[in-house]
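Undergrad: Following is a predicted model, sequence given first.
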Number of protein chains: 2
Amino acid sequence: MTKTAAIIGGGVIGGGWAARFLLNGWDVRVYDPDEEAERKIGEVLDNARRALPMLYDCAMPPEGTLTFCGSIAQAVDGAAFIQESVPERLDIKHAVFAEIQAACDPEAVIGSSTSGYKPSELQQGARDPGQIMVAHPFNPVYLLPLIEVVPSAETAQAAVARASHMMAEVGLHPLRLHREIDAHIADRLMEAVWREGLWLVHDDVATTEEIDNAIRYGFGLRWGQMGLFETFRIAGGEAGMRHFIGQFGPALKWPWTKLMDVPDLTDDLVEKIASQSDAQSGHLSIRALERKRDNNLIAMMRALKQQGNAAGRLILEHQKRLAPQSVEAAPLVTQARVIPVDWTDMNGHMNEGRYGQIFSDAAEVVMAHVGADDDYVASGMSYFTVETDIKYLAETHAGERVEVVTWVTEGRGKKLRCFHEMRRATDGEVMATCDQLMLHVSLETRRTCEPPAPVLDRVAALAKLHQEA
Amino acid sequence: MTKTAAIIGGGVIGGGWAARFLLNGWDVRVYDPDEEAERKIGEVLDNARRALPMLYDCAMPPEGTLTFCGSIAQAVDGAAFIQESVPERLDIKHAVFAEIQAACDPEAVIGSSTSGYKPSELQQGARDPGQIMVAHPFNPVYLLPLIEVVPSAETAQAAVARASHMMAEVGLHPLRLHREIDAHIADRLMEAVWREGLWLVHDDVATTEEIDNAIRYGFGLRWGQMGLFETFRIAGGEAGMRHFIGQFGPALKWPWTKLMDVPDLTDDLVEKIASQSDAQSGHLSIRALERKRDNNLIAMMRALKQQGNAAGRLILEHQKRLAPQSVEAAPLVTQARVIPVDWTDMNGHMNEGRYGQIFSDAAEVVMAHVGADDDYVASGMSYFTVETDIKYLAETHAGERVEVVTWVTEGRGKKLRCFHEMRRATDGEVMATCDQLMLHVSLETRRTCEPPAPVLDRVAALAKLHQEA
């Protein structure tokens, strides 16, 4: 499989797909006849280059090569993954698929970003319907992992499997629908809320801002980490879902929704919604809103990552595949990463606590290197830090790429002493140093003890190598 | 206003209300005829005592007194805030309101946790309809800030204002509806999704777990921080909401929802949902699910707090009212807080980086004490840390209460040197110490400079006081 993706149709969605692949080391070829395409995709890429690496606590692979192509044929030639994100008109999509299939590898997979069409509709008249499926992403595509993968009966199972594998490679979560349906899953749920929300504004029950607050101060927080059914399962108590349905099922017969009916989008209603939205958010440009949204998403997703749950678990799994093994060297390279937005404080720079964290992360790499890795910790032994002396030499800002190099300065008995330097990746300036003393402990007794011989030997060898360097 | 709340009806919702008031220093009187009420409320309180203080980076006020009462009359006597959370039957609620109003202060406000009834229905036959309003909370009430406040035309405006003020006092966000409507706002939105979700399971498009993933890996994350309309505003680009509606409005005419129709809750459908939910979450008890949910919510809400946005902004505002002024003393008490769940690492204890953060927070209190507060930083000057030497003496775990005491050990010219001790609040054991050197800087030049005389004098005075101590 070549690591080459073709993006047909740019804009916010196509640009988001391009960014996902590029930043995960794929080469990307873009075809979009819009004269503004390069600028528009460039803007999405700028956002993505800033935001996506902040989800990971390791460096991402070197960025792939981005090429703008003059034709669909040129873009798809040799691509393993082809993603269509052209306007939502079936005739346009059919014409695009015909051009793609005239030039692409028969083993390539073709996904469509459509929210409006079913795969069987997309496949009408196609040379090889087996390649085509819906692969519906969510904005911002460079941060949100969800992709709804919808095959029709004619889509080849092997193509779905290949597509899903490639999406997982770039940190996406392919969610396969059991059968096709108008608007797939997520947009049906959103459409239901949208219709109900329109009525609430129409009937002056609440403004757009009040409705947003009703979501984000309440169930939105629940849904962001557990979704609907698991949240309701908790509401049912130990008796679980059956009890919940028994208790709240009758509400289905109550007039709790206007959705038997659809509001007319009269000029008055459009004006009302738009002006309420202006009052709510009009003081911020779309660019500023995007920045705020991305910062919130990064911080929330990192919070879930720290808990090892929900979307955060997906990032951890992807990160395991991204993180390189540490290589025997003097000094060791123990960290290479971007400073995320949740590491800064009121002075606008990285909080001193986060220097402690990055040196702690660096020490974990040293530990793994001498055999005291996750499994070792699970088996009941670890190293605990007993003293750190950190010198802060330069300010560090969100978005900066840094690396930490580490010398083992002492490695005898229970002792493991490291000297870390954190350097700016672009110019090598030393931004902070840390002298860190760790002692080996039993996690059972929580007391110090000597490590077993294999670890002891590797620590001693590393200390010797670093002393001679 | 007495800081006394009466909770009529216990359980998960009543218990959550009780916890909100108690942990914010109110006395709480509970009436619930259920023999199990004390145990049930005790369980909710245990969850709340662990979780709610983790949202704040300061100590909460001393807990109020909880009293279980033998009658409604006894519970409401002298209470300023009375909250009804009895079963969803109108005859029961009417009887409860009659008993409440026979005994309560005429100035007290009476809220109902109902999701099913409108305030005008609750007020039928009431002695004083003016006191009664809907105050609809969201589970877990001890963490989520949203309260839908719904008055009817008969509810006194002054009562709504008093109720809203008291809710804000305990960190809740009273969202006032412009007029009453069945199921208020949030439950209408949730009901729409619930109905659509039932169809998706019924029609075998997706399982409960897949639907939950479609939410929590995608739009759930967006909604948790921005809600629906602001998210869609971004989708509209610079042209904003009008453009978005123009683009997506036509979907209202498409068959994107089954909500013109309601699925029948046949035994088969109930069994299907319940068994899918068991497959998804059955390996965890409800208690374990609650713990996981609470940890996720705490971490996400703290992430939003660090960004100063959405629900996190509400917590920051509440915290400002909770945080005490530091009192001149030798040593200064510079931190008093609970260790939150997002501060621990793979060793199961507080990460060393977070020791750095708590000492950094302690230094900010010292700075505020000498006049280098938020306004001072905004005016262009601050202190930056140049070196810390931290000794880690004991393990610290999530949920532990700690305090930091600080001596200013040097305060001359640009220099401000502090020695911090972090102690376990329960037994005073010193868990870590930090020797921290700060230098005064201009935020314009990012270089060191002497502070102006008032700050210089206060630093010197504090150093002198602490040297003599």
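TA: Yep, that arrived. Numbering: from 1, shown residues only, chains lettered A, B, ... in the order given.
Undergrad: how far does the helix or strand hosting A:G312 sit from the chain's center?
TA: Secondary structure from DSSP states H and E places A:G312 in helix A:310-322. Chain-centre distance of helix A:310-322: 8 Å, with CA atoms, centre = their mean, to the nearest Å.
Undergrad: what stretches of chain A score poorly on pLDDT?
TA: A:1, A:249-263 (pLDDT under 70).
Undergrad: For the stretch 1-150 of chain A, which residues are neighbours of chain B?
TA: Applying CB under 8 Å from any CB of the partner chain, one finds that the stretch 1-150 of chain A approaches chain B through A:12, A:116, A:138-139, A:144-146, A:148. Every residue, glycine included, has its C-beta placed from N, CA and C.
Undergrad: most neighbours, which of those residues?
TA: The residue in these with the most neighbours, by other CB atoms under 10 Å in any protein chain shown, is A:P145 (27 neighbours).
Undergrad: From A:R337, how far out is the closest residue to A:G308 other than its chain neighbours?
TA: Leaving aside its chain neighbours, A:G308 sits nearest to A:L316 (6.3 Å; criterion: CB to CB, 6 or more residues apart in numbering or on different chains). Applying CB to CB, to the nearest Å, the value for A:L316 to A:R337 is 15 Å.
Undergrad: So if I had to pick from these two, which one is more boxed in?
TA: More crowded of A:L316 and A:R337, by other CB under 10 Å: A:R337, with 20 against 15.
Undergrad: residues contacting the closest residue to A:D204 other than its chain neighbours?
TA: Counting by CB to CB, 6+ apart, A:D204 lies nearest to B:H178, which is 5.4 Å off, once chain neighbours are set aside. If you count contacts by CB atoms under 8 Å, 6 or more residues apart in numbering or on different chains, B:H178 has them with A:204-206.
Undergrad: The helix holding A:G312 - contacts with which helices or strands?
TA: Here helix A:310-322 is seen to pack against helix A:220-226, helix A:286-307 when contacts are counted using 3 or more CB pairs under 8 Å, 6 or more residues apart in numbering or on different chains; DSSP states H and E.
Undergrad: Please convert those helices to CSV, extending it with distance to B:M367 and mean neighbour count.
TA: Shown next, in CSV, are the helices and strands packed on helix A:310-322 (distance: least, CB to CB, whole Å; neighbours: other CB atoms under 10 Å in any protein chain shown):
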stretch, distance to B:M367, mean neighbour count
helix A:220-226, 33, 28
helix A:286-307, 25, 22
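Undergrad: how about JSON lines for those helices, with distance to chain B added?
TA: As requested, those are exported to JSON lines (distance: least, CB to the nearest CB, whole Å):
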{"stretch": "helix A:220-226", "distance to chain B": "3"}
{"stretch": "helix A:286-307", "distance to chain B": "4"}
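Undergrad: mind putting those helices in JSON lines, distance to A:A461 included?
TA: Below are those laid out as JSON lines (distance: least, CB to CB, whole Å):
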{"stretch": "helix A:220-226", "distance to A:A461": "44"}
{"stretch": "helix A:286-307", "distance to A:A461": "33"}
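Undergrad: looking at these, which is closest to A:H165?
TA: Nearest of the helices and strands packed on helix A:310-322 to A:H165, taken as CB to CB: helix A:286-307 at 22.7 Å.
Undergrad: distance between that closest one and the chain's centre?
TA: Helix A:286-307 sits 10 Å away from the centroid of its parent chain (CA atoms, centre = their mean).
Undergrad: Also stretch A:62-80?
TA: Per CA atoms, centre = their mean, the centroid offset for stretch A:62-80 relative to its chain is 23 Å.
Undergrad: For A:P451, give me its contacts.
TA: Neighbouring residues of A:P451 by CB under 8 Å, 6+ apart: A:372, A:381, A:414, A:440, A:459.
Undergrad: Restricting to those, which residues neighbour chain B?
TA: Of these, not one also sits near chain B (CB under 8 Å from any CB).
Undergrad: Restricted to strands, list these.
TA: A:381, A:440 (DSSP state E).
Undergrad: and which of the contacts of A:P451 is nearest A:E88?
TA: Closest approach to A:E88 among the contacts of A:P451 (CB to CB): A:A372, at 54.2 Å.
Undergrad: close enough to count as contact, A:A51 and A:I298?
TA: Yes - with contact defined as CB atoms under 8 Å, A:A51 counts as touching A:I298 (6.0 Å).
Undergrad: The helix holding A:G312 vs helix A:286-307, what angle?
TA: Calculated by axes from the mean of the first three to the mean of the last three CA atoms, to 10 degrees, helix A:310-322 forms an angle of 80 degrees with helix A:286-307.
Undergrad: what comes up buried for helix A:310-322?
TA: A:310-312, A:314-315, A:318-319, A:322 (16 or more other CB atoms under 10 Å in any protein chain shown).
Undergrad: I would like the residues contacting that helix, please.
TA: With contact meaning CB under 8 Å, 6+ apart, helix A:310-322 is reached by A:55-61, A:144-145, A:168-169, A:171, A:173, A:224-226, A:301-306, A:308, B:216-217, B:221, B:296.
Undergrad: same thing but 7 Å
TA: Helix A:310-322 is contacted from outside by A:55-58, A:60-61, A:145, A:171, A:173, A:225, A:301, A:304-306, A:308, B:216-217, B:221, B:296, using CB atoms under 7 Å, 6 or more residues apart in numbering or on different chains.
Undergrad: Walk me through the domains of chain A.
TA: A:4-176, A:206-283, A:326-468 (automatic domain parsing).
Undergrad: Which ones among the residues of the stretch 1-150 of chain A next to chain B map onto strands?
TA: Per DSSP E, the residues of the stretch 1-150 of chain A next to chain B map to strands at A:146, A:148.
Undergrad: Specify which member of the residues of the stretch 1-150 of chain A next to chain B is nearest to A:E238.
TA: Taking CB to CB as the measure, A:L146 is the one of the residues of the stretch 1-150 of chain A next to chain B closest to A:E238, at 30.9 Å.
Undergrad: Bridging across strands, which residues link to the closest one?
TA: A:H173 (DSSP bridges).
Undergrad: what about it, distance to A:L304?
TA: Counting by CB to CB - A:L146 and A:L304 are separated by 14 Å.
Undergrad: Now do the phi/psi pair for the residue nearest the centre of chain A.
TA: What sits nearest the mean C-alpha location of chain A, by CA atoms, centre = their mean, is A:L143, with 4.1 Å. The phi/psi pair for A:L143 (degrees, to the nearest 10) reads phi -120, psi -40.
Undergrad: Could you find the closest non-adjacent residue to it?
TA: Nearest residue to A:L143 in three dimensions, chain neighbours excluded: A:L297, at 5.1 Å (CB to CB, 6+ apart).
Undergrad: ok now do that neighbour, which residues does it touch?
TA: A:143, B:221, B:225.
Undergrad: so the second one sits right up against A:Q225, yeah?
TA: This points to B:L221. No - between B:L221 and A:Q225 there is no contact under CB atoms under 7 Å: 8.6 Å.
Undergrad: At which residues are the strands of the stretch 301-450 of chain A located?
TA: Taking DSSP state E, counting those that start in this stretch as the test, the strands found in the stretch 301-450 of chain A are A:332-338, A:381-392, A:401-412, A:415-424, A:430-442, A:447-448.
Undergrad: now those in a markdown table, with distance to A:L284?
TA: As requested, these are arranged in a markdown table below (distance: least, CB to CB, whole Å):
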| stretch | distance to A:L284 |
| --- | --- |
| strand A:332-338 | 25 |
| strand A:381-392 | 33 |
| strand A:401-412 | 28 |
| strand A:415-424 | 31 |
| strand A:430-442 | 32 |
| strand A:447-448 | 54 |
